[in-house]
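Give me a model of this one.
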Amino acid sequence: MITLIALIITIVGALNWLLIGICGFNLVSWLTMGSDIAQRIVYILVGVAGAWLVYFIIRRKGRVDESFPARERREVKE
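The predicted structure follows:
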């Protein structure tokens, strides 16, 4: 579950950078109404989420599909 949350937060961060790059619009600044403390918290959460995903991929040796998303694996009968 923590990996899914980290993925969502990282995607939001990536979309924010896309908007900054394309049209100069900072989504985080807009959502936090310019609050410096709130912006710092959001950016820290994005950074921690990205670090968690790096750890997750290293721990799984790149095999992300084994446990994400968490679902029951069905064996193929031949």
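
List the buried residues of the longest helix along the chain.
Secondary structure of the chain per DSSP state H: the longest helix is helix 36-59. When neighbours are counted by 16 or more other CB atoms under 10 Å, the buried residues of helix 36-59 are found to be 39, 42, 45-46, 49-50, 52-53, 56. Using the backbone N, CA and C atoms, a C-beta is placed for each residue, glycine as well.

Geometrically speaking, which residue is the centre of this protein?
Using CA atoms, centre = their mean, the residue of the chain that lies closest to the mean C-alpha position is T10, 2.1 Å off.

and it, what pLDDT?
Turning to T10, the model gives it a pLDDT of 96.

Ok, R59 next?
86.

just R71 next, same as before
What the model reports as pLDDT for R71 is 55.

sec struct for K61, please.
Put simply, K61 is coil when judged by DSSP: H, G, I helix; E, B strand; the rest coil.
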